[in-house]
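Asker: predicted structure and sequence below. I'll ask about it afterward.
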Amino acid sequence: MIYKVIAKPEFRKFIDALVRENTSFGPRQVDTAANGNPIYQFMPVSSVEEIEFDYTATASSAKHFFLPFREELSRFSFNDSDFKQHIAYEAEPVVLIGLRACDISALNILDDVLLNGHYPSPYYLAKRKNTFVIGMDHLPLPDCFCKSLAHHTVSTGFNLFCSDIGEKYYLSINSSKAFTYLKEFQTEEPSYEDNCLLTERRKLISRSFQTEVDVTSLPSILDIEFDSPVWEKWGAKCLNCGTCAMVCPSCYCYSVEERFDIDLKGASRNRKLYSCNLVDFAVVAGGHNFRPKNGDRLKYRYYHQHRGFAENANQQICVGCNRCGRACLAGINPKDVINDLRMEKESCMICVSQSPART
Ligand code: SF4
Ligand code: SF4
């Protein structure tokens, strides 16, 4: 990693040059919520003026640049009794500006699943390699809990990360491409004062969190609470809409479907993002549904996020952005569900009588 500082007007020039020459996406206000808060999304940008650097959080995550909602995996063309299959992994170079630390952590988790496993995805790899990621720090929203999962800072997974230290940005340069781009612009070695400002900035971010979720031993609590009434309680509220998984930066479950062209001369195989909360997620051949109950489906989303992956890769998938909590029309959010589980476990411990003393 190489560290530099850049004055904010110079930084704007750098971003402007970058977005004018490349297909770029950055945070823009797209609507206003009923409570008056702006709604942001990553949208196409062609000049620095269009980017809202002071945005809070985007409603949807940056995951969709790497895992589109629907993606063609292969195309078939039929010829008498024969067919040809065409598979393409190419991805256009893209610049993504303004990702938060937890969003980049979620990309690192997706890398573990989709690149570092036994069967790396060439579709994901093509997009990840061709995307120039610029991260930016921010003060957390009142309901962000990424600090509880240690994702409020990030040190890998980006090309460039910018920390706001007042008149300048403190740049963490993590790729030769970023270093080369920046050579054209005026940057400086960080001074002692800049380093102090960075430390102060990090401390400010850390103490600004208002929401804490105790995830200590959560994988084993989930094991113990598999039959907890908590799942039925929250499941009864769930609308099975799947929104939570769609906005989540780290949910990656999908289904694959084949579609015939209307003239029957071709077909395509497509991957479609899916959610374990959807009613038919666990339907198998013959129509049997392994998880017909809302509570069971909701439980499996939490097990995937906080237990299954933790057992295999020693980390929980959830990065604590609370997008799912904000988007859920039924008011279901990780903080309340996890706290309920924890209280359930603690109340059962109170009920247990003390072990008899040895005689
Ligand atoms: S938890 Fe909320 S967002 Fe997720 S499927 Fe249920 S109602 Fe929809
Ligand atoms: S808080 Fe919700 S949306 Fe964010 S990473 Fe965790 S499960 Fe996904």
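Answerer: Perfect, I can see it now. Ligands and ions are numbered 1, 2, ... in the order given.

Asker: all helices for this protein, in order.
Answerer: With DSSP state H as the criterion, the chain has helices at 8-21, 101-114, 122-129, 176-183, 192-207, 218-224, 229-235, 243-247, 294-303, 309-313, 323-327, 334-351.

Asker: average pLDDT for the fourth one?
Answerer: If I follow you right, that is helix 176-183. Average pLDDT, helix 176-183: 95.

Asker: now the helices of the chain in TSV, with mean neighbour count and distance to ligand 2?
Answerer: Placement of C-beta: from N, CA and C, glycine included. As requested, these are exported to TSV (neighbours: other CB atoms under 10 Å; distance: least, CB to the nearest ligand atom, whole Å):
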stretch	mean neighbour count	distance to ligand 2
helix 8-21	17	27
helix 101-114	23	6
helix 122-129	17	18
helix 176-183	15	26
helix 192-207	14	18
helix 218-224	17	12
helix 229-235	18	14
helix 243-247	21	6
helix 294-303	22	8
helix 309-313	15	12
helix 323-327	20	3
helix 334-351	15	5
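
Asker: mind telling me which of the ones you listed the model trusts least?
Answerer: Among these, helix 309-313 carries the lowest mean pLDDT, a mean of 68.

Asker: tell me the residues of the stretch 251-359 of the chain that contact ligand 1?
Answerer: Selection of the stretch 251-359 of the chain residues close to ligand 1 by CB under 6 Å from any ligand atom yields 277, 327, 328, 329, 330, 332.

Asker: let's see that with 5 Å instead.
Answerer: Neighbours of ligand 1 within the stretch 251-359 of the chain, by CB under 5 Å from any ligand atom: 277, 328, 330, 332.

Asker: how close does the nearest residue to the third one once chain neighbours are set aside sit to residue 143?
Answerer: Using CB to CB, 6 or more residues apart in numbering and skipping residues adjacent in sequence, the residue nearest residue 330 is residue 237, 4.3 Å away. With distances defined as CB to CB, to the nearest Å, the gap from residue 237 to residue 143 amounts to 18 Å.

Asker: setting aside sequence neighbours, what's the nearest residue to residue 235?
Answerer: Leaving aside its chain neighbours, residue 235 sits nearest to residue 295 (2.6 Å; criterion: CB to CB, 6+ apart).

Asker: can you tell me what sits against stretch 145-159?
Answerer: The contact list for stretch 145-159 (CB atoms under 8 Å, 6 or more residues apart in numbering) reads 1, 99, 101-102, 104-108, 111, 132-135, 140, 144, 161, 172-175, 177-178, 202, 205-206, 209, 211-215, 316, 318-322, 334-335.

Asker: residue contacts, the closest residue in space to residue 125 that isn't next to it in sequence?
Answerer: Counting by CB to CB, 6+ apart, residue 115 is the residue found nearest to residue 125 once chain neighbours are left out, at 6.0 Å. Applying CB under 8 Å, 6+ apart, one finds that residue 115 lies in contact with 121, 124, 125, 128.

Asker: residue 334 too?
Answerer: 145, 213, 302, 305, 318, 320, 322, 324, 325.

Asker: now do residue 136
Answerer: The contact partners of residue 136, by CB under 8 Å, 6+ apart, come to 53, 97, 98, 99, 100, 161, 162, 164.

Asker: of those, which is the nearest to ligand 2?
Answerer: Minimum distance to ligand 2 across these is 11.0 Å, recorded for residue 100 (CB to the nearest ligand atom).

Asker: so what's the closest one up against?
Answerer: By CB under 8 Å, 6+ apart, the neighbours of residue 100 are 57, 135, 136, 137, 138, 321.

Asker: before we move on, the earlier item: can I assume the residue nearest to residue 235 is in contact with residue 231?
Answerer: Yes. Counting by CB atoms under 8 Å, residue 231 is a contact partner of residue 295 at 4.0 Å.

Asker: can you tell me how far residue 80 is from residue 259?
Answerer: From residue 80 to residue 259 the distance is 21 Å (CB to CB).

Asker: give me the neighbour count for residue 161.
Answerer: By other CB atoms under 10 Å, 26 other residues sit near residue 161.

Asker: OK, contacts around it?
Answerer: Residues near residue 161 by CB under 8 Å, 6+ apart: 101, 104, 134, 135, 136, 137, 154, 171, 172, 174.

Asker: in strands only, show me those residues.
Answerer: Using DSSP state E, 134, 135, 136, 171, 172 are the members of the contacts of residue 161 that sit in strands.

Asker: can you list the domains in the protein?
Answerer: As assigned by automatic domain parsing, the chain contains the domains 2-67+84-207, 218-350.

Asker: ok, which of those domains comes nearest residue 73?
Answerer: Nearest to residue 73, of all the domains of the chain, is domain 218-350, at 4.8 Å by CB to CB.

Asker: any idea how far the residue most central in space within the chain lies from residue 181?
Answerer: The C-alpha lying nearest the average C-alpha coordinate of the chain belongs to residue 249 (CA atoms, centre = their mean; 1.8 Å). The spacing between residue 249 and residue 181, counted by CB to CB, is 25 Å.
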